[in-house]
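[1] The sequence and its predicted three-dimensional model are supplied below.
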Amino acid sequence: MTTGNDEIDDTSAPLIEHLAELRTRLIRSVLALLVAVSVFFIPINGDFIAAHVLEFLLRPIEVTLRSLGDPSPTLQYTSPQEYLFTLFRVSMVFGFALAFPVIGYQLWRFVAPGLYRSEKSAFLPFLIASPVMFLLGASFAHLVVTPLAMSFFLGFADVSSIFANLLGGQAPNLPDVAAVVPETQEGLRITFFGKVNESLAISLAFIMAFGLCFQLPVLLTLLGKAGLVTARGLAGVRKYAMVGILVLAALVTPPDVVTQLILFTVVYGLYEVSIFLVRRVEKSRTEQLRREGVLGEDEDLYDYDDDAADDRKA
């Protein structure tokens with residue numbers, strides 16, 4: 001519903017003008033991405049920024065290896081181009097994050113002329129909140145979830161680096177904490193030789209998964225703004241949401257109960273926050289309709305008493 005003052009700012013324009021503007025916005029976004037990617041290949045302290053970011057991403061596996069008795073953790077690459085491509089991968093992911101303010105602004109400038117003023121005021125906060133919530137989810141994944149996952153995966157064999165021992169021909173003198181399955185010490189020795197790209201893939205997978213999970217309040221609140229979901233409806237499917245979150249936790253985390261419980265607690269907490277935010281949106285819409293005279297002072301657009309009853313039943 002729009003009022004007389006809630007008008008679209010721009011007038012209608014021919015299709016060719018919209019396509020030309022879209023091309024301009026895309027070119028600016030791509031240029032911003034290229035500049036941001038190039039930044040990560042600036043050398044600092046004798047190495048590229050991308051290499052320092054890669055080291056930061058692999059820190060959980062380093063800490064895990066040290067805690068398991070490896071004094072000098074080592075990761076390897078097995079093809080000449082692998083390390084360079086890994087740096088490109090890091091620079092692309094974090095270059096996009098660095099260029100997102102420019103890309104988001106270009107997106108906003110393209111769609112804003114076609115929005116009503118009320119739609120602008122509703123959409124802009126979500127454009128800002130989305131990267132913030134993704135950053136929170138990525139930080140949680142890197143600082144909490146990834147170390148737990150690495151401890152679970154590497155803890156099977158009580159991993160320790162024996163690379164130097166193998167090169168020096170001292171494999172029989174293995175340390176007690178070596179990554180060797182005990183029953184195979186007299187025969188085939190099993191140890192951990194981590195690859196850079198595979199270890200990075202695990203870290204990025206957790207970052208993307210939790211970054212997207214933290215978008216839940218943003219997505220549901222935006223849907224509430226559009227009238228596609230209600231707080232009562234979300235509360236009514238709370239039991240099914242819990243089951244879905246449990247399945248999600250089992251799929252994106254290792255088979256470790258502690259990690260799964262952490263993910264379930266966080267995502268379900270975000271779901272409850274989403275219900276609260278959608279209810280706030282509904283109350284704000286009700287107050288606006290009352291001010292416009294569409295609803296009376298004693299009328300409600302939504303039945304919150306039924307919502308409370310549904311919450312007690314759940």
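    Everything's here; your move.
[2] Please identify the buried residues of stretch 232-247?
    Neighbour-count burial for stretch 232-247 flags 232, 234-236, 238, 241, 245-246 (criterion: 16 or more other CB atoms under 10 Å). For the C-beta atoms, the positions are set from N, CA and C on the backbone; glycine is no exception.
[3] the strands in this structure, which residues?
    Secondary structure of the chain (DSSP state E): strands at 43-44, 47-48, 75-76, 194-195.
[4] is it possible to export those strands to a markdown table including distance to Met92, mean pLDDT and mean neighbour count?
    A markdown table is the format used below for those (distance: least, CB to CB, whole Å; pLDDT from 0 to 100; neighbours: other CB atoms under 10 Å):
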| stretch | distance to Met92 | mean pLDDT | mean neighbour count |
| --- | --- | --- | --- |
| strand 43-44 | 19 | 90 | 9 |
| strand 47-48 | 14 | 89 | 14 |
| strand 75-76 | 20 | 86 | 14 |
| strand 194-195 | 19 | 84 | 16 |
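[5] Let me have the ones you listed in JSON lines, extended by distance to Leu204.
    Formatted as JSON lines, the strands of the chain follow (distance: least, CB to CB, whole Å):
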{"stretch": "strand 43-44", "distance to Leu204": "22"}
{"stretch": "strand 47-48", "distance to Leu204": "18"}
{"stretch": "strand 75-76", "distance to Leu204": "15"}
{"stretch": "strand 194-195", "distance to Leu204": "14"}
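[6] circling back: among the buried residues of stretch 232-247, which are in helices?
    In this view, those that belong to helices under DSSP state H are 232, 234-236, 238, 241, 245-246.
[7] want to throw the buried residues of stretch 232-247 into CSV with distance to Ser274 and pLDDT?
    Shown next, in CSV, are those (distance: CB to CB, whole Å; pLDDT from 0 to 100):
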residue, distance to Ser274, pLDDT
Arg232, 13, 88
Leu234, 7, 90
Ala235, 10, 89
Gly236, 14, 89
Arg238, 11, 89
Ala241, 10, 90
Ile245, 12, 87
Leu246, 17, 87
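[8] Out of those residues, the closest to Tyr271 would be?
    Using CB to CB, Ala241 comes nearest to Tyr271 of the buried residues of stretch 232-247, at 5.5 Å.
[9] residues near the residue lying closest to that closest one once chain neighbours are set aside, how many?
    Closest residue to Ala241 apart from its sequence neighbours, by CB to CB, 6 or more residues apart in numbering: Tyr271 at 5.5 Å. Tyr271 has 20 neighbouring residues, counting by other CB atoms under 10 Å.
[10] Just give me the residue closest to the centre of the protein.
    In the chain, the centroid-proximal residue (CA atoms, centre = their mean) is Gly211; its distance is 1.1 Å.
[11] which residues touch that residue?
    Counting by CB atoms under 8 Å, 6 or more residues apart in numbering, Gly211 touches 133-135, 137-138, 141.
[12] make it 7 Å
    Residues near Gly211 by CB atoms under 7 Å, 6 or more residues apart in numbering: 134, 137-138.
[13] Might one say that the residue nearest to Ala241 is in contact with Leu216?
    Yes: when contacts are counted by CB atoms under 7 Å, Tyr271 is listed as touching Leu216 (6.3 Å).
[14] Let me see the domain layout of the protein.
    14-207, 215-314 (automatic domain parsing).
[15] would a markdown table of the contacts of Gly211 with distance to Ala50, pLDDT and neighbour count be doable?
    Converted to a markdown table, these look like this (distance: CB to CB, whole Å; pLDDT from 0 to 100; neighbours: other CB atoms under 10 Å):
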| residue | distance to Ala50 | pLDDT | neighbour count |
| --- | --- | --- | --- |
| Phe134 | 20 | 89 | 21 |
| Gly137 | 22 | 89 | 25 |
| Ala138 | 17 | 90 | 20 |
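[16] related to what we said a few turns ago, now, which of the ones in helices among the buried residues of stretch 232-247 sits nearest Ser203?
    Using CB to CB, Ile245 comes nearest to Ser203 of those, at 22.6 Å.
[17] Which parts of stretch 141-152 count as buried, going by neighbours?
    141-142, 144-152.
[18] For that stretch, give me every contacting residue.
    In contact with stretch 141-152 (CB under 7 Å, 6+ apart) are residues 60-61, 63-64, 203, 206-207, 209-210, 253-254, 256, 258-259, 262.
[19] Tell me where the model's unsure across the stretch 201-314 of the chain.
    Of all residues in the stretch 201-314 of the chain, those with pLDDT under 70 make up the ranges 253-256, 293-314.
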